[in-house]
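Chemist: have a look at this prediction, sequence included:
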Amino acid sequence: QVVARFNRLRQEQRGLASKAAELELELNEHSLVIETLREVDPTRKCYRMVGGILVERTVKEVLPALESNKEQISKIIETLNQQLQAKGRELNEFREKHNIRLVGEDDPKQPPKEGAEGAGAKGSSAGVLVS
């Protein structure tokens, strides 16, 4: 149960990170389009995808909507980053509480093993090892 919960927390953290990265790309696209449209005649035709349908509008109609979307995306990214930090803290607290170590990670409480002396010695740690 401990390992399953730990893996679930890690998966949630990865999901938040991937969603934040996806929204960052979308934000960059919005910025690029906004910069391009600012230099264009406001009465010029432009096309915008709305719900999977391409609609014809003018630049002066589309630009405010894009700027509004950009602001909303920025707020969502900020919220996701806060959630990601909170999830990271929760994950670290859970790791410490249940003494969970990842494969390849050294135990900070034990000194590094030296030569043949430490090779045969097994620690009696009750921790959980997760790959």
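Modeler: Okay, I see it.

Chemist: quick one, strands of the chain?
Modeler: In the chain, the strands defined using DSSP state E lie at 45-50, 53-58, 100-102, 128-130.

Chemist: how about a markdown table for these, with distance to Glu29 and mean neighbour count added?
Modeler: Where you see a C-beta, it was placed from the backbone N, CA and C, and this is true even at glycine. As requested, these are exported to a markdown table (distance: least, C-beta to C-beta, whole Å; neighbours: other C-beta atoms under 10 Å):
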| stretch | distance to Glu29 | mean neighbour count |
| --- | --- | --- |
| strand 45-50 | 12 | 12 |
| strand 53-58 | 16 | 11 |
| strand 100-102 | 35 | 15 |
| strand 128-130 | 37 | 14 |
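
Chemist: looking at those, spot the one closest to Leu91.
Modeler: strand 100-102 (9.4 Å; C-beta to C-beta).

Chemist: which strands and helices sit next to that closest one?
Modeler: Packing contacts for strand 100-102, counted by 3 or more C-beta pairs under 8 Å, 6 or more residues apart in numbering; DSSP states H and E, involve helix 2-38, strand 128-130.

Chemist: ok, now how distant is Thr79 from Val50?
Modeler: 24 Å (C-beta to C-beta, to the nearest Å).

Chemist: top helix in this protein by residue count?
Modeler: Among the segments of the chain that qualify as a helix by DSSP state H, the longest is helix 59-98.

Chemist: what's in contact with stretch 70-84?
Modeler: Applying C-beta atoms under 8 Å, 6 or more residues apart in numbering, the contact partners of stretch 70-84 are 13, 16-17, 19-20, 23-24, 26-27, 30-31, 34.
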